[in-house]
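In: Give me the fold of what follows.
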Amino acid sequence: MIVGGSEPVQDSESTPLIFTQPSTTFGYSSAPEHASRFVSVKTLAELWDCSKTTVSRLLKQPGVPAYYFGSGRNGSKRYLKEDVDRFLQGVDID
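Out: Numbers count the residues shown, from 1 in each chain. Okay, here's the model as predicted:
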């Protein structure tokens, strides 16, 4: 659950707590709508309990396209959630 401000809030389900700070960038009070379509390498690494390098290597092999935002040291690499879901449907977990 995403919550504004500094107080953690958790609903009745067992969802993790996420802290956010009010955004002042260009007057947006929340993330742009298209931002929810992407997932970061860091988030996937935490979900899958592996390194960011492993995430990149796993998704590179089947050809899941990466999208780069920014450049150089401050840039970020993200994947479309739909592409990751499609990849996971084809993975055999024994």
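In: Can you identify the element that follows the lowest-mean-pLDDT helix or strand in the chain toward the C-terminus?
Out: Taking mean pLDDT, DSSP states H and E as the measure, the chain has strand 18-19 as its least confident helix or strand, at a mean of 40. Where DSSP states H and E defines the elements, the next helix or strand beyond strand 18-19 is strand 38-40.
In: and for the helix or strand just after that following strand, what are the contacting residues?
Out: Helices and strands here follow DSSP H and E; after strand 38-40, the next one along the chain is helix 41-48. If you take CB atoms under 8 Å, 6 or more residues apart in numbering as the criterion, helix 41-48 is touched by 51-52, 54-56, 77-79, 84. Heads up, the C-betas are built off the backbone N, CA and C, glycines and all.
In: in helix 41-48, what counts as buried?
Out: Along helix 41-48, these residues count as buried under the neighbour rule (16 or more other CB atoms under 10 Å): 41, 44-45.
In: again, but for stretch 49-58
Out: For stretch 49-58, by 16+ other CB under 10 Å, it's 55-56.
In: In helices, which of the contacts of helix 41-48 fall?
Out: Those of the contacts of helix 41-48 mapping onto helices are 52, 54-56, 84, per DSSP state H.
In: Just put those residues in CSV and tack on distance to Asp92.
Out: Converted to CSV, the ones in helices among the contacts of helix 41-48 look like this (distance: CB to CB, whole Å):
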residue, distance to Asp92
Lys52, 23
Thr54, 17
Val55, 18
Ser56, 21
Val84, 16
